[in-house]
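Participant: Need the 3D shape of this:
(2 chains)
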Amino acid sequence: MVKASDSNNKISKDDGIIVLRNVTRNFGQNIVLDKINLAIESGKTTVVIGPSGCGKTVLVKHIIGLLRPTSGQVFFKGKRIDNLNEDQLGKIRVHFGYLFQSGALFDSLTVAGNILFPIEHFFKIPSQKEAEEVVKIKLQMVGMDGFQERYPSQLSGGQRKRVALARAIALSPEVIIYDEPTTGLDPIRSDVINELILKLKRELKITSVAVTHDMTSAYKIADRIVMLHQGKIIADGSADYIRDINNPVVQQFINGQISEEELEILRMRDSYDATKLWTNIPR
Amino acid sequence: MRMPAAAGRIADHLERLGEFGRFVWRAIVVSFFSCFKPATYPLIWSQMYIIGVRSVPVIMITGAFVGMTLAVQAYDQLAGMGLEERLGALINISGVKELGPVLAAVMLAGRVGGALTAELGTMKVTEQIEAVKSMGVDPMYYLVAPRLLACLLLAPVLIIYADLLCSLGGYFVSVHVLGISGRPYWDYSASVVELWDVSVGVIKGFFFGAAMAVISCYKGFNCEDGAHGVGKACTEAFVASLISILALDFMLVVIFKSIYNTLWPLRSMF
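Facilitator: Sure thing, here's the model as predicted:
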């Protein structure tokens, strides 16, 4: 699918804005990603789903160079990035926004300080008034205007995610990576985040990569869904394709069903513990 | 079976040593270039306030108690030989050359080093360091360089404070408690303590400050997940800083002594 051009460090831009080629990642003996091949289309939202601990976050951290593959290559706009040094990667990362699962807001800075952080680092803001204006625009986009002077510890989980999203779009990136954007939020707050993701895609024409195990969110925001299982991509297609796919592992995951074997183990453990508990109680 | 396991452990230690070496080298390079970037100055100023200004009371108290304790301990020995008036010389030479710098650095390692490791460790655990990276900002530039430069520049200044209070603490106990005259206290001190001795103590401060900062930042950057990981990193940072301060002190004493012995014959020329 992905063709190499004359140099090993470049591929055609038509292959996708982000391309992972044979990416393998080991942590000690544990193979988390196993020869992953993935090409992400520009302007589309790709959602990576899979059970907890299957390597979704590890996968997206390779896209932005926060982790490097044990073997394989990562390309951004046709240029290989996994072999760059930290200084060179820093210049590439400016094209990305990353929404961390926990928000990862700087707790020593106010909301305004968090949003200005990347802007101040790369641009000279002429005046305080302009800085305030930039912060206001970014916060308006996520519906958090008026919270400028609050500290992250003074915000709720949903508010923190929205501020983190405002910070992620601070540099107007070409690609946004959402790591579990709705985890830990109630259904209504989750839907607010989903709508925000759709709004950013609509208004800013951003390429999005989202990692989630929230299927409601995945169906709502995805142009394409990729399912990761035991380090490999086992399903790849539109939301409708994934919904109807004839693969028991995928169906079990998207319907949130426990397998018969796991259920059997749980029942055995229940009866064992209960028996032990009753016999140990002094009468 | 035991040999490969031992070899594996040695390889692990060597790998970590190599990692630390790379971290130190990058910290030095980034800090050096940060000196020429005006954008870094506000970060350095704020760290100077946290690390320097807020450490002044604890450092002054340490210095004063060192001086007072030295006076009480040395008085009996000197009085037995009728040399109690030289108490000032003993207090000041010990304080300025050794006890002031070392104990001030140890206090700094506890107060500042622990705080640096805990802060950076928490930032690592809560993905804030990765967030800095993800925005294309080098965490070495944003987090390590200001802390390293603040410690490097302010440890010698704090040592001067410790020396001063050591001298005053010693004076207070010697004159007001032990009954020695004030004049000989200062006269003997001035005759024994040279500019060289004060300089040696202050120069040591640069090394102690840099070592403590770089060890604390490294431990914070590499701490394990969870509250246990942060606590463990803080303990390791303090122990490693303490040992480094003592080892550096020994090495610097040897080096300065040989420099002094080389320069001593040339003194008459100046």
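Participant: Could you check the pLDDT of residue 147?
Facilitator: Reading this off chain A. A:Phe147 carries a pLDDT value of 91.
Participant: try chain B instead
Facilitator: For B:Arg147, the pLDDT comes out at 95.
Participant: tell me the SS of A:Val211?
Facilitator: strand (DSSP: H, G, I helix; E, B strand; the rest coil).
Participant: Let me see the contact set for the closest residue in space to it that isn't next to it in sequence.
Facilitator: Excluding the flanking residues, the one nearest A:Val211 by CB to CB, 6 or more residues apart in numbering or on different chains is A:Lys56, at 4.2 Å. C-beta here means a position set from N, CA and C on the backbone, and glycine is covered the same way. Contacts for A:Lys56 (CB atoms under 8 Å, 6 or more residues apart in numbering or on different chains) come out as A:Val48, A:Ile49, A:Gly50, A:Val211, A:His213, A:Leu228.
Participant: Low-confidence bits of chain A, can you list those?
Facilitator: Across chain A, the ranges flagged by pLDDT under 70 are A:1-8, A:13-14, A:269-283.
Participant: Tell me where it has helices.
Facilitator: Assigned by DSSP state H, chain A shows helices spanning A:56-63, A:86-93, A:111-122, A:128-141, A:157-168, A:187-204, A:215-221, A:239-244, A:248-254, A:260-280.
Participant: returning to what we had before: between the contacts of A:Lys56, which is closest to chain B?
Facilitator: Distance to chain B across the contacts of A:Lys56 (CB to the nearest CB) is lowest for A:Val211, with 13.8 Å.
Participant: List the residues that contact the closest one.
Facilitator: Neighbour list for A:Val211: A:Val47, A:Val48, A:Ile49, A:Lys56, A:Thr57, A:Leu59, A:Val60, A:Ile177, A:Tyr178, A:Asp179, A:Glu180 [criterion: CB under 8 Å, 6+ apart].
Participant: now do B:Ala227
Facilitator: If you count contacts by CB under 8 Å, 6+ apart, B:Ala227 has none.
Participant: ChimeraX command to pick out the buried ones of the contacts of A:Val211?
Facilitator: In ChimeraX, this line selects whichever of the contacts of A:Val211 come out buried by 16 or more other CB atoms under 10 Å in any protein chain shown:
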select /A:47,48,49,56,57,59,60,177,178,179,180
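Participant: And the contacts of A:Val211, which two are furthest apart?
Facilitator: Spanning the widest gap among these are A:Ile49 and A:Ile177, at 14.7 Å by CB to CB.
Participant: ok so, going back, between the contacts of A:Val211, which is closest to A:Tyr98?
Facilitator: A:Ile177 (4.8 Å).
Participant: so who does the closest one touch?
Facilitator: A:Val60, A:Ile63, A:Ile64, A:Phe96, A:Gly97, A:Tyr98, A:Leu99, A:Ser208, A:Val209, A:Ala210, A:Val211.
Participant: beta partners for it?
Facilitator: Counting by DSSP bridges, A:Ile177 is bridged to A:Tyr98, A:Val209.
Participant: For it, give its distance to B:Gly113.
Facilitator: 35 Å (CB to CB, to the nearest Å).
Participant: Which residue is the nearest non-sequential neighbour of A:Leu67?
Facilitator: Nearest residue to A:Leu67, sequence neighbours excluded (CB to CB, 6+ apart): A:Lys61, at 4.3 Å.
Participant: Of the helices of chain A, which is nearest B:Val239?
Facilitator: Using CB to CB as the measure, helix A:86-93 is the one of the helices of chain A that comes nearest B:Val239, at 29.3 Å.
Participant: quick one: low-confidence ranges for the stretch 151-270 of chain B?
Facilitator: B:267-270.
Participant: Now do the contacts for whichever residue of it sits closest to chain A.
Facilitator: With CB to the nearest CB as the measure, B:Asp225 is the residue of the stretch 151-270 of chain B nearest to chain A, at 12.1 Å. Contacts for B:Asp225 (CB under 8 Å, 6+ apart) come out as B:Val125.
Participant: Please tell me how far it sits from B:Arg111.
Facilitator: Applying CB to CB, the value for B:Asp225 to B:Arg111 is 26 Å.
Participant: And B:Lys124, by the same measure?
Facilitator: 21 Å.
Participant: So for those two, which sits in the more crowded spot?
Facilitator: B:Lys124 (22 against 15; other CB atoms under 10 Å in any protein chain shown).
Participant: backbone phi and psi for that one, please?
Facilitator: Note on B:Lys124: its backbone torsions stand at phi -70, psi -50 [degrees, to the nearest 10].
Participant: pretty sure it is in contact with B:Glu224, am I right?
Facilitator: No. The criterion here is CB atoms under 8 Å, and B:Lys124 misses it with B:Glu224 at 9.2 Å.
Participant: Adding distance to B:His176, write the helices of chain A out as a markdown table.
Facilitator: A markdown table is the format used below for those (distance: least, CB to CB, whole Å):
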| stretch | distance to B:His176 |
| --- | --- |
| helix A:56-63 | 65 |
| helix A:86-93 | 59 |
| helix A:111-122 | 51 |
| helix A:128-141 | 54 |
| helix A:157-168 | 58 |
| helix A:187-204 | 67 |
| helix A:215-221 | 74 |
| helix A:239-244 | 84 |
| helix A:248-254 | 80 |
| helix A:260-280 | 70 |
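Participant: got the residue ranges for the helices in the stretch 1-150 of chain B?
Facilitator: Ranges of helices in the stretch 1-150 of chain B, per DSSP state H, counting those that start in this stretch, are B:2-34, B:41-51, B:56-80, B:87-94, B:100-108, B:114-125, B:128-134, B:139, B:145-171.
Participant: most tightly surrounded among those helices?
Facilitator: Sort the helices of the stretch 1-150 of chain B by mean neighbour count, taking mean count of other CB atoms under 10 Å in any protein chain shown, and helix B:100-108 sits at the top with a mean of 26.
Participant: now for it, which elements pack on it?
Facilitator: Where contact means 3 or more CB pairs under 8 Å, 6 or more residues apart in numbering or on different chains; DSSP states H and E, helix B:100-108 is packed against helix B:56-80, helix B:145-171, helix B:195-221, helix B:226-263.
Participant: what's in contact with it?
Facilitator: Around helix B:100-108, the neighbours that count as contacts under CB under 8 Å, 6+ apart are B:51, B:55, B:58-59, B:62-63, B:66, B:151, B:155, B:158-159, B:161-163, B:166, B:201-202, B:204-205, B:208-209, B:212, B:242, B:245-246, B:249.
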